[in-house]
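# build me a model from this:
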Amino acid sequence: MNSQATEQPDVQKEAAEQAVIEKRREHLKNESTRIIEIAGNEPHSALKCIHQLSVAGGATEATYIAIEQRIVADQDSAGAYHLALLAQNTPDLPIDARQLIEMVVNKGDNQQRLALLKNLLLPPVDTIKEQILASNDGDAIGLMNAYLQINPEGYGSQHMLSSGQSDQIVPLSLVIRR
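The predicted structure is shown next:
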């Protein structure tokens with residue numbers, strides 16, 4: 001009889017945990033549907049969708065695909081930057097991070113390129129370097145050269161942090177624009 005008394009609270013606890021999981025799953029499904037609708041209907045809404053995704057704490061695969069499609073349709077280099085960073089931290093996302101990175105490198109501005117150089121684990125250093133040099137932007141070239149001088153392999157900031165450097169990864173939206 002005593003074992004039944006201890007099994008009952010365990011069963012109730014497990015049922016309560018399962019109910020919380022189901023409620024969370026339903027919430028994510030609803031948020032995903034809402035975000036997909038925004039991405040499908042509002043041009044230039046990728047950053048808004050990525051923010052909503054972060055607030056929701058996750059989403060369905062279809063949500064990530066819808067955001068990527070919005071980014072590609074708008075040729076949105078800022079959205080591409082943020083989704084590429086998200087993809088590097090969540091490797092099983094159903095998106096083509098290489099395509100997003102190429103968009104930032106080829107269509108983004110030098111601040112976005114420099115942010116990629118610092119924040120990707122293994123950025124396409126040579127391609128970024130070519131684009132920044134071709135821009136003839138003295139400030140950006142100086143920043144790039146200074147960064148590559150302390151990190152010639154171009155390993156991202158996460159590598160530098162693990163090797164004792166104190167560089168900080170920040171969202172592109174927090175980078176001061178001039």
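# helix or strand: which one has the residue sitting nearest the centre point of the chain?
Among the residues of the chain, the one closest to the centroid is Leu86, at 2.1 Å (C-alpha atoms, centre = their mean). Here Leu86 sits within helix 77-89, counting by DSSP states H and E.
# who touches the helix or strand that that helix is followed by?
On the C-terminal side of helix 77-89, the nearest following helix or strand under DSSP H and E is helix 97-107. In this structure, residues lying in contact with helix 97-107 by C-beta atoms under 8 Å, 6 or more residues apart in numbering are 68, 71-72, 75-77, 80-81, 83-84, 87-88, 112-113, 116, 120, 123-124, 127-128, 131. All C-beta atoms are positioned from the backbone trio N, CA, C, and that covers glycine.
# buried residues, helix 97-107. List them.
Residues of helix 97-107 classed as buried by neighbour count (16 or more other C-beta atoms under 10 Å): Ala97, Leu100, Ile101, Met103, Val104, Val105.
# tell me the gap between stretch 56-69 and the middle of its chain.
11 Å (C-alpha atoms, centre = their mean, to the nearest Å).
# mean confidence score for it?
Summarised as a single mean, pLDDT over stretch 56-69 is 93.
# which outside residues touch that stretch?
Contacts for stretch 56-69 (C-beta under 8 Å, 6+ apart): 27-29, 31-32, 35-36, 39-40, 46, 49-50, 53, 79, 83, 93-96, 100.
# buried among those residues? Need that as a selection in PyMOL.
In PyMOL syntax, the buried subset of the contacts of stretch 56-69 is picked out as below (16+ other C-beta under 10 Å):
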select buried, resi 28+31+32+35+36+39+46+49+50+53+79+83+93+95+100
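# what's the local residue count around Ala146?
By the criterion of other C-beta atoms under 10 Å, Ala146 has 10 neighbours.
# may I see the buried residues of the host helix or strand of it?
Element membership for Ala146, per DSSP H and E: helix 138-150. By neighbour count on 16+ other C-beta under 10 Å, the buried set for helix 138-150 is Ala140, Leu143, Met144, Tyr147.
# go through the helix or strand where Gln69 lies and flag the buried ones.
Taking DSSP H and E as the definition, Gln69 sits inside helix 61-74. Within helix 61-74, the residues scored as buried using 16+ other C-beta under 10 Å are Thr63, Tyr64, Ala66, Ile67, Glu68, Arg70, Ile71, Val72, Asp74.
# all set now, cheers.
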